[in-house]
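Colleague: Model the structure of this input:
(2 chains)
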Amino acid sequence: MKRLILLFVAISSINAQISFTGNTETRIGESSSGYYYNETLINTNLQYSAFTNWIQLEYSDPPELGRPINGVRKFRLEYDNGPIQLKLGDLYEIWGRGLVLNSVDDQAIDRDTGIRGLTLMYNTDSFSTQFIAGRADISQSTINALGFNNRKHNYHTSHNLYGLNIEKLFGDHNLGFSFLQGLEKHPVNTFPSDTIDIKNQLHSLNYGYMSSLFDFYVEYIMSRSYEFDEDTWSSHATGRGLYGNLNLYFNLFSLNFEYINYRYATIDPVSRFNPVDYYGHSQPYQNPPVAVHIHENVLMNRISHQTDFNNEVGYKAELMGSFSDNIEFLSILSESNRTHSWVMDENFMWKKDKKLSSLPNYNPAAMPFNDFYSELTFRSFNNNLFIKLGYADTKDIVDLLQNTVTDTSQSLTYSLASAKTIPLNLSYSFSDGWSIESKIELQWLKKGYWWYEENNNEIIADSLMSIFLDDDGKRVEEEKNTFISFTVSKSPKWSLTLTSDRTSVKESFLENKSIINPLEKFLDINQEKNWVNIEFVYHLTTSMRLSLMYGSLKGGLLCTNGVCRIIEPFDDGFKVGLSTVF
Amino acid sequence: MLPLLIVSFLFADKKREMMLPDLTIKLISGKKTRLSTLLEDGPILVEFWATWCAPCKKEMIFLEEYHKKYSDRGFRVLAISTDSPKSMSKIKSYIRAKKHTFLVGLDPSQEVAKKMNAMVMPTVLLIDKDRKVSWFHQGFVPGDEKEIEAQILKLLDINTQIESD
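Modeller: The predicted model follows:
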């Protein structure tokens, strides 16, 4: 492969018709708690006439997340000539809004749902069609399979896929149809280990309309799965999903509204994120939209809602606009829950209770989530001064633990995360490229178990048992989190950022050893409740960027687009990053 | 691995101009266009951004200003969104609410971003009429806008000089 890359470089130097570009990214980190990684990614793009070739090489031992790779990680050869396009290799394709197909490579959470195969496209101004065939090898970390590990995936499925997508434009109207079939090898928890064969079929129809006053998009999907048993395919499960989006444009503001209604499977509260024993429902290569706002601030993202792609109904409404040239506003409300409420029978087994309406519901037994966020942005002094102040209020019923109901009593217990957060962002740009920026986030977080007990119309209990304990082991109702960062930069060469991430109580689920590093000693802070780091970014040239970090980073939940992963803390260590473009 | 890194670092020298392929870019209107078509009137500045990227949105305020200020000299800004389907529905409402008038492209699978070597958000590329990248910058801190304008002017002045010769 090294020879191949050098050959590409040589070819690009002697032949002006060939375009060769690429980039490298090297990241090394080591903390005193034993967390170590060393990884380099190299992307190369070679183009000759209508052909393009992309190769991604990885050299890691170990990578930050996932398993070590030394060699080619991804590759793709493309042919693009007028209306015809052909791709061969690792494919990342999106059909419609991703209800049928949205294969992603999200390295931040080590989620790769790419397809290795070929795709043929035919595109004109008003018509496009795409055929795809290939295999998706998808892995994930789950406690439902043997060998659970936060850093390395322990469960792997393979899907042989083929499908067709057709889109037709009629003036301002757009109509689309998709079909995708996957033959899945699904490992099950048996001894000795075994796999079962599943056939998953997805059909969808979408319609869109665009005008200067509003846009509208709706997509409906039907899923059906079959299990291979005794030489025949027998029906296993059916499901359906609906996604709608409406954008309204006014003079001073615009409104964005999204609605989801996913009903692929109704799985009990304990097992709903168990991909091993519950199969043939929503597929990992689908990745449809979620009714969750992706927050820009750090603390809100740590309590982001994990979407149940099998069973969730919700909406997100976003209003944004400006009061004047200098003052802008944004308000977002998102709500979602499961399609049914759940109760326990006399044997304490979960069963579906009431089927709820197609709009979000506040019934705790349906695990509702709601999030309100509002912000004001103010700019002045020729846009040199920038102030953004926000407020967020979130409540998420994460798990339902018990709900027993009789004619005269109810006993309900659920785990809850709720928070009020105030983010503030200030920056000022001086002359000659100097600038300062500060981010301050304050959060009052409640986490724990809500217990509701009613007997003969008398409420016996209706309160939260917090999981937070103070230094004396006494239960405290809420945790106060403070995130502060201060940056000084000299554009376009360098920036220096000091970050402090502080909690008011020790979080028992995060192992944070009492390692006092010189930075924390200098700042005289309690390391058990603080994560402090300093980062220096230097642009060696316009195409080379070096970053150096020293200190600690708080681990916890990292969520992107409704998919979450627990990240380990990084205590008292160094991180070095170097990216180049060539 | 080491020889590859050395080669890439050598090629990362700022004196070497990166030549881009004639990429197909999908615009927010739903139409597809070629990079060469966009460059017919003059140089363009491409910014890769996303609706969840705060520094990108700060940078866009200045890009809008430069798009208007230098459009009479053939210069245009193309902001390519890398939002996935999970946030792409609000791209248009964001652009409309902020009254941005520059061109907006869509790259939800980040294929164009990879081909233009945009690894972090935001990344800006200043591209001349011959598809050569005259300036490349990753990230945005307040103050970078002055460097962006200086680079735009530098490229426009070179173009004016070439045309007058």
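
Colleague: correct me, but residue A:93 touches residue A:103?
Modeller: Yes: contact criterion CB atoms under 8 Å: residue A:93 and residue A:103 qualify, at 5.9 Å. C-betas here are computed from N, CA, C, even on glycine.

Colleague: Could you pull up the mean pLDDT of the strand or helix carrying residue A:352?
Modeller: According to DSSP states H and E, residue A:352 maps onto strand A:350-355. Averaged across strand A:350-355, the pLDDT comes to 86.

Colleague: May I see the buried residues of that strand?
Modeller: Within strand A:350-355, the residues scored as buried using 16 or more other CB atoms under 10 Å in any protein chain shown are A:350, A:353.

Colleague: Point out where the chain drops to low pLDDT.
Modeller: All of this is about chain A. Counting by pLDDT under 70, the low-confidence segments of chain A come to A:1-17, A:507-517, A:526-527, A:556-568.

Colleague: Chain B, not that one
Modeller: Checking chain B against pLDDT under 70 turns up B:1-17, B:163, B:165.

Colleague: Show me which residues of stretch A:141-159 are buried.
Modeller: Buried, per 16+ other CB under 10 Å, within stretch A:141-159: A:141, A:145, A:151, A:152, A:153, A:155, A:157, A:158, A:159.

Colleague: what about the closest residue to residue A:125 other than its chain neighbours, neighbour count?
Modeller: Nearest residue to residue A:125 in three dimensions, chain neighbours excluded: residue B:31, at 6.9 Å (CB to CB, 6 or more residues apart in numbering or on different chains). Applying other CB atoms under 10 Å in any protein chain shown, we find 11 residues neighbouring residue B:31.

Colleague: do residue A:322 as well
Modeller: Residue A:322 - counted by other CB under 10 Å - has 15 other residues nearby.

Colleague: That one against residue A:252, yeah?
Modeller: Yes: using CB under 8 Å, residue A:322 is in contact with residue A:252, at 6.4 Å.

Colleague: Can you pull the residues that touch both of these two?
Modeller: Common contact partners of residue A:322 and residue A:252 (CB atoms under 8 Å, 6 or more residues apart in numbering or on different chains): none.

Colleague: Restricting the selection to alpha carbons, write the lengthiest helix in chain B to CSV.
Modeller: Using DSSP state H to define each element, chain B has its longest helix at helix B:144-164. Below are the C-alpha coordinates for helix B:144-164, written out as CSV (Å, rounded to 0.1, in the frame of the first residue of the first chain):
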residue,chain,number,x,y,z
ASP,B,144,-10.0,34.7,11.6
GLU,B,145,-12.5,36.7,9.6
LYS,B,146,-9.9,39.4,8.9
GLU,B,147,-7.5,36.8,7.5
ILE,B,148,-10.3,35.4,5.4
GLU,B,149,-11.0,38.8,3.9
ALA,B,150,-7.3,39.4,3.3
GLN,B,151,-7.0,36.1,1.4
ILE,B,152,-10.1,36.9,-0.7
LEU,B,153,-8.7,40.3,-1.6
LYS,B,154,-5.3,38.7,-2.4
LEU,B,155,-6.9,36.2,-4.8
LEU,B,156,-9.2,38.8,-6.4
ASP,B,157,-6.2,41.2,-7.0
ILE,B,158,-4.3,38.4,-8.6
ASN,B,159,-7.2,37.7,-10.8
THR,B,160,-7.6,41.4,-11.8
GLN,B,161,-3.9,41.5,-12.6
ILE,B,162,-4.1,38.4,-14.8
GLU,B,163,-7.1,39.8,-16.6
SER,B,164,-5.5,43.2,-17.2
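
Colleague: Are it and chain A in contact anywhere?
Modeller: Yes: part of helix B:144-164 sits near chain A under the criterion CB under 8 Å from any CB of the partner chain, namely B:144, B:145, B:146, B:147.

Colleague: before we move on, back to that, and the strand holding residue A:352, what does it pack onto?
Modeller: strand A:340-344 (3 or more CB pairs under 8 Å, 6 or more residues apart in numbering or on different chains; DSSP states H and E).
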